[in-house]
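K.L.:
Prediction below, plus the sequence it came from.
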Amino acid sequence: MSEDSLKVSVLASSSSGNVTYIETPKHHVLVDAGMSGKKIKESLESIGKDINTIDSLFVTHEHSDHIKGVGVLARRYDLNVYANEKTWDAMLPKIGKVPEDQMNVFEHNKVMTLDDLDIQSFAVSHDAADPQFYKFHHNGKDFVILTDTGYVSDRVEQTIKNADGYLLECNHDVEMLRNGFYPWPLKQRILSEKGHLSNDDGADALMDILGNRTKQIYLGHLSPENNTKTVAHTAVADILEKNDFGVGSDFLIHDTDPKIADPLISL
């Protein structure tokens, strides 16, 4: 594993909790903290990392499966926390007090540099105050996180095209959702343009953004009620293969888990 690489581990991804770890030689950061501080600490230890080395936390939006541990981590480990202003306003009543000097406003469609790490924010369509996701860049490599969106706009596609790695939402199988036990208003919300990407939506988005640099794809934010790893993986791989994408040769597709961290890899 190269010492000067962009390293990534999806610590947890599902409708019940989301945390991603990103590392460069100068920074160890988390994206979202949708589990308890204790579980995040244990997940980091499972990939050989110490939570005390984390310096920054980027928040995508204020839903509980993304912010459950934000307040605790910020206070206990003196983290710099980044979110846009509307997300801060919506999040603070849920996470408790965060020291003012650790609260950083990072609006969407901006680029910020932390030493050897560039972070680009971009807005998405989801039923939150002002949701945004991130593209991370280091040493010629890009990693994109995009979950919790009802669709992928042309602008977002252009922003995230041909990255080396993606964590992309495949929240539900449409038929499983339609036939499942959720009340109809919730089904409508998930299927709407401010809801979540289905497996097929995720595959369609991938066909528009994959490039010759892309080597690693993580399928994320699966609903435990309306999807399974096998259903999501099979659906995405089948659609990509039918459209002549080199699944398994040009790039790898990884499953993610709500409780088990993916191994740390270098892009």
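P.N.:
Yep, that arrived.

K.L.:
Any buried residues in stretch 41-50, and which?
P.N.:
Residues of stretch 41-50 classed as buried: 41, 43, 44, 47, 49 (neighbour count, 16 or more other C-beta atoms under 10 Å). Backbone N, C-alpha and C define where each C-beta goes, glycine included.

K.L.:
ok, residue 54 to residue 36 distance?
P.N.:
As judged by C-beta to C-beta, to the nearest Å, residue 54 and residue 36 stand 15 Å apart.

K.L.:
Low-confidence regions, the stretch 101-250 of the chain specifically.
P.N.:
Low-confidence segments of the stretch 101-250 of the chain (pLDDT under 70): none present.

K.L.:
Does residue 137 belong to a helix, a strand or coil?
P.N.:
strand (DSSP: H, G, I helix; E, B strand; the rest coil).

K.L.:
and the nearest residue to it once chain neighbours are set aside, helix, strand or coil?
P.N.:
What sits nearest to residue 137 in space, not counting adjacent residues and going by C-beta to C-beta, 6 or more residues apart in numbering, is residue 118, at 4.1 Å. At residue 118, secondary structure determined by three-state DSSP is strand.

K.L.:
Can you give me the neighbour number for residue 118?
P.N.:
15 (other C-beta atoms under 10 Å).

K.L.:
Just list the residues touching it, thanks.
P.N.:
111, 112, 136, 137, 138 (C-beta atoms under 8 Å, 6 or more residues apart in numbering).

K.L.:
Now the phi/psi pair for residue 212, please.
P.N.:
Per-residue torsions, residue 212: phi -70, psi -10 (degrees, to the nearest 10).

K.L.:
Buried subset of the contacts of residue 118 as a PyMOL selection?
P.N.:
Here is the PyMOL command that selects the buried residues among the contacts of residue 118 (16+ other C-beta under 10 Å):
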select buried, resi 136+137+138
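
K.L.:
In contact with the residue nearest to residue 221 when sequence neighbours are not counted: list those residues for me.
P.N.:
Excluding the flanking residues, the one nearest residue 221 by C-beta to C-beta, 6+ apart is residue 147, at 4.0 Å. By C-beta under 8 Å, 6+ apart, residue 147 lies in contact with 13, 18, 60, 133, 167, 168, 169, 171, 196, 197, 220, 221.

K.L.:
closest to residue 214 among these?
P.N.:
Distance to residue 214, by C-beta to C-beta, is smallest for residue 168 among those, at 10.8 Å.

K.L.:
ok, back up a step: can you name the two of the buried residues of stretch 41-50 that are farthest apart?
P.N.:
Those two in the buried residues of stretch 41-50 that are separated most widely, counting by C-beta to C-beta, are 41 and 47, at 11.7 Å.

K.L.:
How is residue 66 classified with respect to secondary structure?
P.N.:
helix.

K.L.:
got a pLDDT number for it?
P.N.:
For residue 66, the pLDDT comes out at 98.

K.L.:
again, but for the one 5 residues further on
P.N.:
Residue 71 carries a pLDDT value of 97.

K.L.:
and the gap between it and residue 94?
P.N.:
8 Å.

K.L.:
Between those two, which has more neighbouring residues?
P.N.:
residue 71 (19 against 13).

K.L.:
Need the nearest residue in space to that one, chain neighbours excluded.
P.N.:
Residue 71's closest residue in space is residue 95 (C-beta to C-beta, 6+ apart), at 3.4 Å.

K.L.:
Correct me if wrong: that neighbour contacts residue 67.
P.N.:
Yes - assessed by C-beta atoms under 8 Å, residue 95 is found in contact with residue 67 at 5.9 Å.

K.L.:
out of these two, which sits in the more crowded spot?
P.N.:
Higher neighbour count among residue 95 and residue 67: residue 67, with 25 against 22, using other C-beta under 10 Å.

K.L.:
Look up how far residue 68 lies from residue 32.
P.N.:
Distance from residue 32 to residue 68, by C-beta to C-beta: 9 Å.

K.L.:
now the strands for the stretch 151-267 of the chain?
P.N.:
165-169, 216-220, 252-255, 265-266 (DSSP state E, counting those that start in this stretch).

K.L.:
so which of these comes closest to residue 242?
P.N.:
Short answer: strand 252-255, nearest of the strands of the stretch 151-267 of the chain by C-beta to C-beta, at 14.5 Å.
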